[in-house]
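# Okay, sequence plus prediction incoming.
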There are 2 protein chains.
Amino acid sequence: MISQNEIDILTHSLPFWDKLTDLQKELLISSANTSHYKKGNPVHCGDSDCIGILIIKSGTVRTYILSDEGREVTLFRLDDGDVCILSASCILKTITFDVYVDAETDCDIIQISSSVFAKLSTENIHAELFSYKLATERFSDVMWAMQQILFMSFDKRLASFLIDEIAKNGSSTINMTHEQIAKYMGSAREVVSRMLKYFAREGIVSLSRGGIKVLDKDKLRSLTL
Amino acid sequence: MISQNEIDILTHSLPFWDKLTDLQKELLISSANTSHYKKGNPVHCGDSDCIGILIIKSGTVRTYILSDEGREVTLFRLDDGDVCILSASCILKTITFDVYVDAETDCDIIQISSSVFAKLSTENIHAELFSYKLATERFSDVMWAMQQILFMSFDKRLASFLIDEIAKNGSSTINMTHEQIAKYMGSAREVVSRMLKYFAREGIVSLSRGGIKVLDKDKLRSLTL
C-alpha cells in the first residue's frame, strides 16, 4: 500500500487516471508499492525481469544498453515525476528490445506491476495509449542520444556532457571519475582523460582527484556549436 | 483517388479501419493518393516536409538519419504493405526528431496526408493508438540498428557461425532452424531471424523453411574480419 502523498504523485503522473473506473483506480492504488534503491543499484535488468511501470518519486535513474562485452551506452535519464515504461516492455507487443535501469542517485520509486498494468491496458484503451505514447517519447530521447554518439565529434560530445552535468548539479563542479564519464558516454577512460587534459590545458576546466571544475563555461559552450 | 486494389491494401494495412465511421472511411479513401518514386529518389526529407502516413504498395524504402557533415546512418527499411509513420512525425507530439526516407528501389506509395490523419487521430482514439504503436515498433527497429552499430558483434558472430557450419557440412546449405542456431549461439530466435533476414536482403544467403543457403561466401567472410 502507498501513502496519500504517493497516491497524489501516481494520479498526477498517469494522465489516463480520470478515464479509469473506480474499480480500476482501486486496483491501481492497492497494487502499487514503493521501493527504495541505493545509488548505483540496479532497478531493472534487461530481459531477466519485467517489473512493471515505475514512477520516480525522488532521485534519478539511468537507462542504458549493455553489449555482450559489458560496454554500456546511456540512452536517457529519468527524474522526479517521470514514468519509466521500458521496465514493462513485456506488456508492449511492439517493443522487442531490452534495456537496463540503474539508480543514479538514491531513489524512491513507485511500482505498478506488469500484470496489473496489462489488465488495465486490455480493459482501458486510454491506459494502453498512454504506454505507447510514453514509449514514443523515449524513442525521441534515444534518437537524440544516438545522434550525439554517432555524429558529434568527441570534443563536442564531452563538452555537451559537462554542460548538462553542471546544469543538473547547479554547480560548476562535477564529482565523477573519468571512468564513470566514459561509461556514461559509451567511450573509454583513456579517451575521456585525454580530452579532459586538453580542456584543462585550454583553461576550460581544472582537474582534481575524482572531480572536474568548469572554469570557462562560454568556451565550453562554444565547443558544442 | 486510388484504385480498388489500393483501397484493399489501405484497409488491410490500417488495423483501425473497422473502428472508423463511414464518413471517416470515405475521407481516408477520397484523400489518399498514390505516387511513383524512382529508385534513389527522396520520399521524405527531415523537417522540411511532413507528408503524412505512407503505405508501401510495392518496393522498398530506406529510413536514415543524416549528420551536418552529410553522413548517413540507416535505421530500417520498409517493404510491401508496411506503413511509414515517421514521415508524419509532425502530428505525433512525442516525436521530436526527424528522419529521411529514400526509395531504395522503384516504389509505389499510397499517401494519407498529415492533415487528414491528424483529423482522424483527434476523432478516433484507435487511429491515434495505431500511430503510436507503429512508432514504438520503429523504436524497436532503431534499437536493433543502434546495437548493431555500437556493439557490432552479432553480425560478425553469426557470419562466423555460418562459415563454420558450411565448412563442417561440406555444403553451402545449413539445415537448422533459427531457434536451433539461437541456442548454439546463446542468443534469441528473434535476433537470429532478424540478422538472417538482413543477410538475405544483402544477397548473402537465401532462406527457406528450416534451411539457410549461403550464396556469397566471400561477402560472408568479409563480415567476420
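Good, I have the coordinates. Numbering: from 1, shown residues only, chains lettered A, B, ... in the order given.
# what residue is smack in the middle of chain A?
Computing the C-alpha centroid of chain A and ranking residues by C-alpha atoms, centre = their mean puts residue A:77 first, at 2.1 Å.
# anything in the host helix or strand of it near chain B?
Residue A:77 is part of strand A:72-78 when elements are defined by DSSP states H and E. Yes: counting by C-beta under 8 Å from any C-beta of the partner chain, chain B has neighbours in strand A:72-78: residue A:73. All C-beta spots, glycine's among them, are computed from the backbone N, C-alpha and C.
# And the contacts of that strand?
Contacts to strand A:72-78, defined as C-beta atoms under 8 Å, 6 or more residues apart in numbering or on different chains, come from residues A:56, A:60-67, A:84, A:99-100, A:104, A:138, A:141-142, A:144-145, A:149, A:183-186, B:146, B:150.
# any idea which helix or strand comes after that strand?
strand A:83-84.
# contact partners of that following strand?
Identification of contacts with strand A:83-84 by C-beta under 8 Å, 6+ apart yields A:13, A:14, A:44, A:53, A:54, A:55, A:56, A:61, A:63, A:78, A:101, A:134.
# and which of the residues you listed is nearest chain B?
Chain B lies nearest to residue A:134 out of the contacts of strand A:83-84, by C-beta to the nearest C-beta, at 7.5 Å.
# which ones are touching that closest one?
Residues in contact with residue A:134 (C-beta under 8 Å, 6+ apart) are A:83, A:85, B:94.
# And it, how close does it get to residue B:66?
Note on residue A:134: its distance to residue B:66, by C-beta to C-beta, to the nearest Å, is 27 Å.
# Same question for residue A:121.
As judged by C-beta to C-beta, residue A:121 and residue B:66 stand 36 Å apart.
# So for those two, which residue has more residues nearby?
The neighbour count for residue A:121 versus residue B:66, taken as other C-beta atoms under 10 Å in any protein chain shown, is higher for residue A:121 (21 against 16).
# Okay, helices next: where are they in chain A?
A:4-13, A:22-31, A:114-123, A:125-151, A:154-169, A:178-185, A:189-201, A:217-223 (DSSP state H).
# Redo those as JSON lines? Include mean pLDDT.
Formatted as JSON lines, the helices of chain A follow (pLDDT from 0 to 100):
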{"stretch": "helix A:4-13", "mean pLDDT": "95"}
{"stretch": "helix A:22-31", "mean pLDDT": "95"}
{"stretch": "helix A:114-123", "mean pLDDT": "95"}
{"stretch": "helix A:125-151", "mean pLDDT": "90"}
{"stretch": "helix A:154-169", "mean pLDDT": "88"}
{"stretch": "helix A:178-185", "mean pLDDT": "85"}
{"stretch": "helix A:189-201", "mean pLDDT": "84"}
{"stretch": "helix A:217-223", "mean pLDDT": "89"}
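# Just put those helices in JSON lines and tack on distance to residue B:127.
Formatted as JSON lines, the helices of chain A follow (distance: least, C-beta to C-beta, whole Å):
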{"stretch": "helix A:4-13", "distance to residue B:127": "26"}
{"stretch": "helix A:22-31", "distance to residue B:127": "24"}
{"stretch": "helix A:114-123", "distance to residue B:127": "18"}
{"stretch": "helix A:125-151", "distance to residue B:127": "11"}
{"stretch": "helix A:154-169", "distance to residue B:127": "37"}
{"stretch": "helix A:178-185", "distance to residue B:127": "39"}
{"stretch": "helix A:189-201", "distance to residue B:127": "47"}
{"stretch": "helix A:217-223", "distance to residue B:127": "43"}
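# out of those helices, nearest to residue B:8?
helix A:125-151 (26.6 Å; C-beta to C-beta).
# Show me which positions of the closest one end up buried.
Buried residues in helix A:125-151, counted by 16 or more other C-beta atoms under 10 Å in any protein chain shown: A:126-143, A:145-149, A:151.
# do the same with stretch A:79-94
A:82, A:83, A:84, A:85, A:86, A:87, A:88, A:89, A:90, A:91, A:92, A:94.
# Which positions in chain A make contact with chain B?
Contact residues (C-beta under 8 Å from any C-beta) of chain A with chain B: A:65, A:67-69, A:71, A:73, A:92-97, A:125-126, A:128-129, A:132-140, A:142-144, A:146-147, A:149-151, A:186.
# can you do 6 Å?
A:67-68, A:73, A:94-97, A:125, A:129, A:132-133, A:135-137, A:139-140, A:143, A:146, A:150-151 (C-beta under 6 Å from any C-beta of the partner chain).
# Among the contacts of strand A:83-84, which lie within strands?
A:44, A:53, A:54, A:55, A:56, A:61, A:63, A:78, A:101 (DSSP state E).
# so which of these is the most crowded?
For the ones in strands among the contacts of strand A:83-84, counting by other C-beta under 10 Å, the largest number of neighbours falls to residue A:53: 28 neighbours.
# how is chain A carved up into domains?
Per the TED database, the structural domains of chain A span A:4-150, A:152-223.
# what's the most buried one of the helices of chain A?
Of all these, helix A:125-151 carries the top mean neighbour count, a mean of 20, counting by mean count of other C-beta atoms under 10 Å in any protein chain shown.
# Residue A:16: how many residues sit nearby?
Neighbour count for residue A:16, taken as other C-beta under 10 Å: 18.
# any idea how far it lies from residue B:91?
For residue A:16, the distance to residue B:91 equals 20 Å [C-beta to C-beta].
# What of residue A:179?
On the measure of C-beta to C-beta, residue A:179 and residue B:91 end up 43 Å apart.
# Can you show me the CA trace of stretch A:125-144 as PDB?
The C-alpha coordinates for stretch A:125-144 follow below in PDB (Å, rounded to 0.1, in the frame of the first residue of the first chain):
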ATOM      1  CA  ILE A 125      -7.700   2.000 -24.300                       C
ATOM      2  CA  HIS A 126      -6.600   5.300 -22.700                       C
ATOM      3  CA  ALA A 127      -4.100   3.300 -20.400                       C
ATOM      4  CA  GLU A 128      -2.800   1.500 -23.500                       C
ATOM      5  CA  LEU A 129      -2.500   4.700 -25.500                       C
ATOM      6  CA  PHE A 130      -0.500   6.200 -22.600                       C
ATOM      7  CA  SER A 131       2.000   3.400 -22.600                       C
ATOM      8  CA  TYR A 132       2.700   3.700 -26.300                       C
ATOM      9  CA  LYS A 133       2.800   7.500 -26.300                       C
ATOM     10  CA  LEU A 134       5.300   7.300 -23.500                       C
ATOM     11  CA  ALA A 135       7.400   4.700 -25.300                       C
ATOM     12  CA  THR A 136       7.400   7.100 -28.300                       C
ATOM     13  CA  GLU A 137       8.700   9.900 -26.100                       C
ATOM     14  CA  ARG A 138      11.600   7.600 -25.100                       C
ATOM     15  CA  PHE A 139      12.100   6.900 -28.800                       C
ATOM     16  CA  SER A 140      12.800  10.600 -29.200                       C
ATOM     17  CA  ASP A 141      15.200  10.500 -26.300                       C
ATOM     18  CA  VAL A 142      17.100   7.600 -27.800                       C
ATOM     19  CA  MET A 143      17.300   9.200 -31.200                       C
ATOM     20  CA  TRP A 144      18.800  12.300 -29.600                       C
END
